[in-house]
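Engineer: need the 3D shape of this:
(chains A and B, ligands or ions: 3)
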Amino acid sequence: MEQMTQVTHRYLRTKKKFPSVWCSGCGIGIVFGAIIRAVDNLKLGKDQIAMVSGIGCSSRMPVYADFNTLHTTHGRALAFATGVKLAKPELHVIVITGDGDGLAIGGNHFIHSARRNIGITTILLNNNTYAMTGGQYSPCTPFDKFGTTAPFGNVERSFDPCDLAKGSGAVFVARGTTYHVIQLQKLVEKAIMKRGFSLVEVVCHCSTIYGRLNREGTAVKMMEWQRDHAVSIQAAQRMSPEKLRDKFLTGVLWDIEFPEYCEEYEKVIKRAQGKVNL
Amino acid sequence: MEEKIKQKEQLLLQGNVACARGALAAGLDFFAGYPITPSTEIAEYLARHLPKYGGKFIQMEDEIASMAAVIGASIAGAKAMTATSGPGFSLMQENIGYAYMAEVPSVVVNVQRGGPSTGLPTKVSQSDTMQARWGTHGDYNSITLAPSSVRECFDLTVRAMNLAEKYRTPVVVLMDEVLGHMREKVTLPQPDEIKVINRWKPTVPPEWYQHFEINPHYVSPMAIFGEGYRFNVTGLTHDPLGFPTARSKEIKDKLDKLRNKIEHNVNDIVQVKEEFMEDATCAIFAYGSAARSARQAIRMARQKRIKVGLIQPFTVWPFPEVYMEHMSERLDMILVVELNQGQLVNEVMRTNCGKTRIRKLNRYDGEIITPDEIFHKLREVR
Ligand SMILES: Cc1ncc(C[n+]2csc(CCOP(=O)(O)OP(=O)(O)O)c2C)c(N)n1
Ligand code: SF4
Ligand SMILES: [Mg+2]
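Structural biologist: Numbers count the residues shown, from 1 in each chain, chains lettered A, B, ... in the order given. Ligands and ions are numbered 1, 2, ... in the order given. Predicted structure coming up:
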């Protein structure tokens, strides 16, 4: 544990930017730690990483990270990141987004970034709510659950971000949780190393807002719920549909090969310069 | 610099193409856009020609994303631009505001058409003049340039790219449907005749670097991603390091900086073109395609011995305030001609402070104003 903390500290803007805005017990810090350890384990230089986010509790992450960091407008992180990546393809571009940021206001950028298969690693922190603005229902609030703008229960269906990414053309899709931290780190590592658009959805607890509105208990209780309801995709293959009914899948859910956008654009440049016959 | 495009010969060029070629001549590296009449030819030209010079073109999913990609590319070191028309310009406002706040060099070309809303896709208008000044929320100062000929589309796009780099700010080029689509005979300047300005880079070691340093120039050196500086950029009001702040002094310093970098440099930024003004007792104030008709109307008036001249602001924003104050004292009358219901005329009146007579002539039915119309109005109000 102490070793883990030491690694984390090397990547934080400790002198400049603490304490953080996050509540104690929030899951976002756990995701942040997993990303840092993934970067450290992959031995990527800090200068080689651009961390780009939108607006929300989760999207505050880059401000604390000692990388090239870009905290953009609500929902637009992937569009900004597209410019960064295309202008400097050698950077590892990691987008941090929330369920509201990435799938409501930013839903169009999400599907088109996946379709383009641009080499961006997207980490979507799904806390089932608009936490920063106080708990309004989001595109990932489950049916029947509560939000401050769904005081009588949510009557909209929720997105499955992984299915959405897969359907839009992402080449790598995975789901982790804030309970399974070691698995999460591994998933982030794989996502960063994947050529093309990758998504890691993190089931991330928010006890202050979502937990309280839905009587889900403390942060620990919410993480225990994750422990009891997450099933790895491998284990799921041996389980009956009956047993899987109230569970959700974790691990690498989708992993295919398709040409990456920036690499394809390099070919466009060669064609335009007449170095390749059309 | 390697010669980007052969520019010696006389060419028959469309305004949109001249704009795109101006951007290339100024060192454009990146273009992101979304198709919209009457600006599309700029994107089409750059999709074909930008990659020849190793630049990148991308068609985004909408104009919000286009402006976002332009900003991202600029922070990663590219000279970046987008082009659109009214409906897209409205969508871009959110991230244009981000570019003001985060001080990101970027150029936005708006080939205006009639509005509001979808308006008149194929008809001329100058009704986004105030939007170019106040389009996004908050306090900020805008640089907006308005060409009136094909050659000026080229020159002012070069200048817009240069000013964006020099002052770390978005710069708007306000064209219009007539300018974008008309063809004129032009000779373009040689590459060695074109002054290209690049952004000011930091020389301090990374530990000392402040991405939003407050200094006497009001413009901070700008590092880019991936070169060891590892700074933070945010649209939240921030301190000189780029970290969100709620301290009133830091908030005020930031907003003062955004204003001062324009206001303290108006002499460098503002350009006004004068014609027939030496002996003029009255003047027509016009910009963009309206200035073309005004020029012809002035020739007609001069034949009738009316001593009228043309004031054509290349910089619509910042408004040429000092110059116009001076003109208000010197002239008996200023006729402001615009293809809208009267936008920049309010600025002319504000700086005039009742010193001389201000008259206006407006057309907003999708047609270009004719020299005859202006000439008759001039005779009437002179
Ligand atoms: C254009 C715009 N609309 C609304 C907001 C207000 N807003 C800030 S954060 C947020 C929701 C964020 O939700 P999510 O992305 O799920 O992040 P979380 O706080 O849950 O981590 C909203 C609606 C904004 N900043 N900008
Ligand atoms: S409101 Fe929720 S998501 Fe936001 S910091 Fe607090 S616990 Fe985390
Ligand atoms: Mg959320």
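Engineer: and B:Pro221, helix, strand or coil?
Structural biologist: coil (DSSP: H, G, I helix; E, B strand; the rest coil).
Engineer: confidence score at it?
Structural biologist: pLDDT for B:Pro221: 98.
Engineer: which non-adjacent residue is nearest it?
Structural biologist: Spatially, and ignoring its direct neighbours in sequence, B:Pro221 is nearest to B:Pro202 (4.0 Å; C-beta to C-beta, 6 or more residues apart in numbering or on different chains). To be clear about C-beta, it is placed using only N, CA and C from the backbone, and glycine gets the same treatment.
Engineer: if I pick that neighbour, what's in contact with it?
Structural biologist: B:209, B:221-223, B:229 (C-beta atoms under 8 Å, 6 or more residues apart in numbering or on different chains).
Engineer: quick one: find the helix or strand in chain A with the lowest mean pLDDT.
Structural biologist: Least confident helix or strand, chain A: helix A:2-10 with a mean of 87, by mean pLDDT, DSSP states H and E.
Engineer: show me which positions of that helix end up buried.
Structural biologist: A:Thr8 (16 or more other C-beta atoms under 10 Å in any protein chain shown).
Engineer: and the next helix or strand past it?
Structural biologist: Per DSSP states H and E, the first helix or strand lying C-terminal to helix A:2-10 is helix A:28-41.
Engineer: before we move on, the earlier item: how much space separates the residue nearest to B:Pro221 from ligand 3?
Structural biologist: 36 Å (C-beta to the ion, to the nearest Å).
Engineer: and for B:Ser149?
Structural biologist: 52 Å.
Engineer: next one: B:Arg359
Structural biologist: For B:Arg359 relative to ligand 3 (C-beta to the ion), the value is 57 Å.
Engineer: circling back: against which helices or strands is the least confident helix or strand of chain A packed?
Structural biologist: Contacts defined by 3 or more C-beta pairs under 8 Å, 6 or more residues apart in numbering or on different chains; DSSP states H and E place helix A:2-10 against helix A:28-41.
Engineer: which strands and helices lie in contact with the helix it packs on?
Structural biologist: helix A:2-10, helix A:61-64, strand A:120-126, helix A:181-193.
Engineer: now the third one: mean pLDDT?
Structural biologist: Within the predicted structure, the mean pLDDT of strand A:120-126 is 99.
Engineer: quick one: A:Lys17 and B:Asp239 touch, right?
Structural biologist: No: using C-beta atoms under 8 Å, A:Lys17 is not in contact with B:Asp239; the gap is 10.4 Å.
Engineer: so stretch A:10-24, near ligand 1 or not?
Structural biologist: No: counting by C-beta under 6 Å from any ligand atom, no contacts exist between stretch A:10-24 and ligand 1, the nearest distance being 9.5 Å.
Engineer: got the contact list for the helix or strand harbouring B:Arg295?
Structural biologist: Assigned by DSSP H and E, B:Arg295 falls within helix B:289-303. By C-beta under 8 Å, 6+ apart, the surrounding residues in contact with helix B:289-303 are B:124, B:126, B:148-149, B:176, B:178-179, B:275-276, B:284, B:286, B:308-310, B:312, B:337-339, B:368-375, B:378-379.
Engineer: narrow those to just the buried residues.
Structural biologist: Using 16+ other C-beta under 10 Å as the burial test, the contacts of helix B:289-303 include B:124, B:126, B:148-149, B:176, B:178-179, B:275-276, B:284, B:286, B:308-310, B:312, B:337-339, B:368-369, B:371, B:373-375, B:378 as buried.
Engineer: how would you label the residue lying closest to B:Val173 once chain neighbours are set aside: helix, strand or coil?
Structural biologist: In this structure, B:Val173 finds its nearest non-sequential neighbour in B:Val109, 4.5 Å apart by C-beta to C-beta, 6+ apart. State at B:Val109, reduced to three classes by three-state DSSP: strand.
Engineer: wait, B:Val109 sits on B:Phe89?
Structural biologist: No: distance between B:Val109 and B:Phe89: 9.4 Å, which falls outside the contact criterion (C-beta under 8 Å).
Engineer: what parts of the stretch 51-200 of chain B come near chain A?
Structural biologist: Residues of the stretch 51-200 of chain B lying near chain A by C-beta under 8 Å from any C-beta of the partner chain: B:51-52, B:54, B:56, B:58, B:60-62, B:64-66, B:68-78, B:80, B:94-95, B:98.
Engineer: check the stretch 201-350 of chain B too.
Structural biologist: B:225-236, B:241, B:243-244.
Engineer: narrow the residues you listed to those in strands?
Structural biologist: B:232-234 (DSSP state E).
Engineer: including neighbour count, could the residues you listed go into JSON lines?
Structural biologist: Output for these, formatted as JSON lines (neighbours: other C-beta atoms under 10 Å in any protein chain shown):
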{"residue": "B:Asn232", "neighbour count": "27"}
{"residue": "B:Val233", "neighbour count": "26"}
{"residue": "B:Thr234", "neighbour count": "24"}
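Engineer: ligand 1: which of the residues you listed is nearest?
Structural biologist: B:Thr234 (12.0 Å; C-beta to the nearest ligand atom).
Engineer: determine the number of other residues adjacent to the residue in chain A that chain B sits nearest to.
Structural biologist: At 2.7 Å from chain B, A:Gly83 is the closest residue in chain A, using C-beta to the nearest C-beta. When neighbours are counted by other C-beta atoms under 10 Å in any protein chain shown, A:Gly83 registers 32.
Engineer: is it true that it touches B:Ala65?
Structural biologist: No: counting by C-beta under 8 Å, B:Ala65 is not a contact partner of A:Gly83; they are 9.1 Å apart.
Engineer: mutual contacts of those two, please.
Structural biologist: What both A:Gly83 and B:Ala65 touch, as defined by C-beta under 8 Å, 6+ apart, is the set B:Ala32.
Engineer: neighbours around the nearest residue to B:Glu213 once chain neighbours are set aside, how many?
Structural biologist: Once flanking residues are discounted, B:Glu213 sits nearest to B:Ser220: 4.2 Å by C-beta to C-beta, 6+ apart. Residues lying near B:Ser220 (other C-beta under 10 Å) number 20.
Engineer: so which residues make contact with the least confident helix or strand of chain A?
Structural biologist: Contacts for helix A:2-10 (C-beta under 8 Å, 6+ apart): A:32-33, A:36-37, A:40, A:66.
Engineer: one more pass at 6 Å, please.
Structural biologist: With C-beta atoms under 6 Å, 6 or more residues apart in numbering or on different chains as the test, helix A:2-10 has contacts from A:33, A:36-37, A:40.
Engineer: now stretch B:369-380
Structural biologist: B:290, B:293-294, B:296-297, B:300-301, B:337, B:361, B:363.
Engineer: could I have the buried ones of those as ChimeraX selection syntax?
Structural biologist: In ChimeraX, a selection of the buried entries from these looks like this (16+ other C-beta under 10 Å):
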select /B:290,293,294,297,300,301,337,361,363
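Engineer: can you tell me which of the contacts of stretch B:369-380 is closest to chain A?
Structural biologist: B:Ala290 (34.6 Å).
Engineer: where does chain B have low pLDDT?
Structural biologist: B:1-8 (pLDDT under 70).
Engineer: where do the helices sit along it?
Structural biologist: B:15-25, B:40-49, B:63-75, B:86-102, B:129-134, B:150-167, B:177-181, B:248-263, B:266-269, B:289-303, B:321-330, B:344-352, B:371-381 (DSSP state H).
Engineer: hey, which of the ones you listed is tucked in deepest?
Structural biologist: helix B:63-75 (a mean of 31; mean count of other C-beta atoms under 10 Å in any protein chain shown).
Engineer: which ones are touching the spatially most central residue of chain A?
Structural biologist: The centre of chain A sits closest to A:Ile123, judged by C-alpha atoms, centre = their mean, with a distance of 1.7 Å. For A:Ile123, the contacting residues are A:96, A:200, by C-beta under 6 Å, 6+ apart.
Engineer: for it, give the beta-bridge partners.
Structural biologist: When assigned by DSSP bridges, A:Ile123 has beta-bridge partners A:Ile96, A:Val200.
Engineer: turn the helices of chain B into TSV, columns for distance to A:Gln237.
Structural biologist: What follows is the helices of chain B, written out as TSV (distance: least, C-beta to C-beta, whole Å):
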stretch	distance to A:Gln237
helix B:15-25	55
helix B:40-49	46
helix B:63-75	39
helix B:86-102	45
helix B:129-134	57
helix B:150-167	56
helix B:177-181	59
helix B:248-263	55
helix B:266-269	66
helix B:289-303	68
helix B:321-330	73
helix B:344-352	69
helix B:371-381	78
